[in-house]
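1. Test case, fold it:
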Amino acid sequence: MKLFAKALAVSVTMLLAGPAFAQGPGPGGWPNKPVKIIVPFAPAGPTDIAARLIAQKMSDNLKQQFYIENQAGAGGNLGMGNAAKSLPDGYTILFVSSSYVVNPSLYPKVPYDPYKDFIPLTVAATAANVLLVNPEVLPVKTPKELADHVLKNPGKYTFASAGTGTTPHLSGELFKLTFKLDTVHVPFGGAGPAIQSILAGHTPLAFTSLPPAVPFIKDGKLRALAVANKTRVAVLPDVPTLAEAGIPNQEADTFQAVLAPAGVPKDLAGYIQQEVVKATKSPDVTAKMEQLGLEIICNTQEQFAQQIKDEIAKWGKVIKDANIKVQ
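-> Coordinates of the predicted model:
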């Protein structure tokens, strides 16, 4: 009887201890339950797609579910504000685009402090901004030809973007300021609708994030005059940068980056950063991202923190100089 009682006690102890075997290899056994990744935009955009690729790979690597929760609204402010209020336990992560560094200058008030409310982890990848024209409406082949043509036809042309305050919109404003162009910005609710507008000829030119434009460029329906990148992009090696086209100081991209709520322990934040980088740099994820026109970055926490400071200052100046207001 005593032996039975002892065996039963051991069995119960093992059952109670069972969940410990599900703990992850990170600090404090992280992750030992599903991890939520907030994407502050609607599904199917570049940020959502990049986040899903990385989340799936992290689920595979860490044997725990990493799932996306889309919280679209207010140009990303809704989801970023909610993430700022999340428990700093590593089970809520924020996956953002460059709106994180643009919105503090664009909106009178944002529901997060970009310096204090989050721990920068890494910029996983970036998407170059691209200057597009409909070749049937605007038969120009270089950015300078476009600028000359628009200058000769003041007020005639409009340009599309994914929305007011997006970095493609700000790229367009920077281009306008450089050449003092008289052209009106037409904001859309994402890169997809902006591209559909230029395909239809409603807006004959556009600045958009590269990934959703790639198939239309390759089949000749849209012409990419230049990318606003420091270097050419692998998916379109024949398209020059704006600097190569003779227009310097126009570099602009849309980053896809990961942050954790402030208060996450330093060792855990570092571990999450390592796992995001590991997932992003896995051959299959890298290949899929490059096919979409995304460039793998995976910088350090310190480098990302400095980038946040630099880009807030950079885009704040463009927003002020162009007198951009949220409608």
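
2. Per-residue confidence, the closest residue to residue 251 other than its chain neighbours, what does it come out as?
-> The spatial neighbour of residue 251 that comes closest, neighbours along the chain excluded (Cβ to Cβ, 6 or more residues apart in numbering), is residue 230 at 5.4 Å. All C-beta atoms are positioned from the backbone trio N, CA, C, and that covers glycine. Note for residue 230: predicted pLDDT of 89.

3. Report how many residues lie close to residue 230.
-> 12 (other Cβ atoms under 10 Å).

4. For it, what are phi and psi?
-> Note on residue 230: backbone dihedrals following degrees, to the nearest 10 are phi -70, psi -30.

5. Could you double-check that it sits in contact with residue 241?
-> Yes. Taking Cβ atoms under 8 Å as the definition, residue 230 is a contact partner of residue 241 at 6.9 Å.

6. Identify the contacts common to the two.
-> residue 251 (Cβ atoms under 8 Å, 6 or more residues apart in numbering).

7. Model confidence for the closest residue to residue 89 other than its chain neighbours, exactly?
-> In this structure, residue 89 finds its nearest non-sequential neighbour in residue 264, 7.2 Å apart by Cβ to Cβ, 6+ apart. Residue 264 carries a pLDDT score of 98 in this model.

8. Residue 46 too?
-> pLDDT at residue 46 comes out at 82.

9. Now do the same contact list for it.
-> Contacts for residue 46 were tallied using Cβ under 8 Å, 6+ apart; they are 97, 127, 191, 209, 211-212, 254, 256, 292, 294.

10. wait, what's in contact with the closest residue to it other than its chain neighbours?
-> What sits nearest to residue 46 in space, not counting adjacent residues and going by Cβ to Cβ, 6+ apart, is residue 211, at 4.8 Å. Listed by Cβ under 8 Å, 6+ apart, the contact set of residue 211 reads 46, 49, 127, 191, 292-294.

11. tell me the contacts of residue 192?
-> Counting by Cβ under 8 Å, 6+ apart, residue 192 touches 44-45, 212.

12. Narrow the residues you listed to those in helices?
-> With DSSP state H as the criterion, helices contain none of the contacts of residue 192.

13. any idea of the mean pLDDT in the helix ranked longest in the chain?
-> The longest helix of the chain (DSSP H) is helix 301-321. Helix 301-321 shows a mean pLDDT of 95.

14. I'd assumed residue 163 was in contact with residue 324.
-> No. Using Cβ under 8 Å, residue 324 makes no contact with residue 163, being 11.5 Å away.

15. Name the residues contacting each of those two.
-> Any residue near both residue 324 and residue 163 by Cβ under 8 Å, 6+ apart counts here, and that gives residue 169.

16. before we move on, the earlier item: buried among the contacts of residue 211? Need that as a selection in ChimeraX.
-> Of the contacts of residue 211, the buried ones go into a single ChimeraX selection, burial set by 16 or more other Cβ atoms under 10 Å:
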select :46,49,127,191,292,293,294
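
17. Taking the contacts of residue 211, tell me the two that lie furthest apart.
-> Comparing every pair within the contacts of residue 211 by Cβ to Cβ identifies 191 and 294 as the most remote, at 13.1 Å.

18. C-terminal to the regular element (helix or strand) spanning residue 131, what's the next element?
-> Taking DSSP states H and E as the criterion, residue 131 maps to strand 118-133. Remark: after strand 118-133, the chain's next helix or strand is helix 143-152, criterion DSSP H and E.

19. From the rest of the structure, what touches that next one?
-> Taking Cβ under 8 Å, 6+ apart as the rule, helix 143-152 contacts 131, 133, 138, 140, 156-157, 175, 179-183, 205, 225-226, 242, 245-247.

20. after it, next one along is what?
-> Next in sequence after helix 143-152, counting helices and strands by DSSP H and E, comes strand 158-161.

21. separation between the residue nearest to residue 46 and residue 121?
-> Separation of residue 211 from residue 121 (Cβ to Cβ, to the nearest Å) stands at 22 Å.

22. can you check residue 66 too?
-> Distance of residue 66 to residue 121, computed by Cβ to Cβ: 14 Å.

23. same check, this time on residue 188
-> 30 Å.

24. Of those two, which one has the most company?
-> The neighbour count for residue 188 versus residue 121, taken as other Cβ under 10 Å, is higher for residue 121 (27 against 22).
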